[in-house]
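Peer 1: please work out how this folds:
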Amino acid sequence: MAFGPLGRVIAQVAVAGFAVLARAIPAAYGAALANARKSGADKAAEEAARKGASFLGKARISRDEALNVLNLTEGEATAEA
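Peer 2: Below you'll find the model as predicted:
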């Protein structure tokens, strides 16, 4: 090998570090999901989605309100316009 013993050690450390992360990240994600279920955060997210909130938590406006903001009538709001 062209890198010698130092390259081999660096490669072994990199592989070992990747293996540790490959086990730790899914475990941490599972623990976070379990904590969210315990605290009721998943229920709050479902409720927000049902109320019309977007991914970022902002509420969506109705079609009538959007037309009013854009100063359009129902007839002007077509796909061709």
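Peer 1: which residues does stretch 20-30 contact?
Peer 2: Taking contacts as CB atoms under 8 Å, 6 or more residues apart in numbering, no residue outside stretch 20-30 touches it. C-betas here are computed from N, CA, C, even on glycine.
Peer 1: right, and the helix or strand after the helix of greatest length in the chain?
Peer 2: In the chain, assigned by DSSP state H, the helix with the most residues is helix 4-39. Using DSSP states H and E, the helix or strand that follows helix 4-39 towards the C-terminus is helix 41-51.
Peer 1: so which elements touch that following helix?
Peer 2: Contacts defined by 3 or more CB pairs under 8 Å, 6 or more residues apart in numbering; DSSP states H and E place helix 41-51 against no helix or strand at all.
Peer 1: let me know the average pLDDT across the following helix or strand past it.
Peer 2: Once the chain leaves helix 41-51, the next helix or strand it forms, by DSSP H and E, is helix 63-70. Average pLDDT, helix 63-70: 88.
Peer 1: what comes into contact with helix 63-70?
Peer 2: Residues from elsewhere that reach helix 63-70 (CB under 8 Å, 6+ apart): 61, 73-74, 77.
Peer 1: now, the residues you listed that are in strands?
Peer 2: In strands, defined here by DSSP state E, there are no members of those.
Peer 1: re earlier: quick one, the longest helix of the chain and helix 41-51 angle?
Peer 2: In terms of direction (axes from the mean of the first three to the mean of the last three CA atoms, to 10 degrees), helix 4-39 departs from helix 41-51 by 70 degrees.
Peer 1: re the thing from before, what is the most widely separated pair among the contacts of helix 63-70?
Peer 2: Using CB to CB, those span at most 16.9 Å, a distance reached by 61 and 73.
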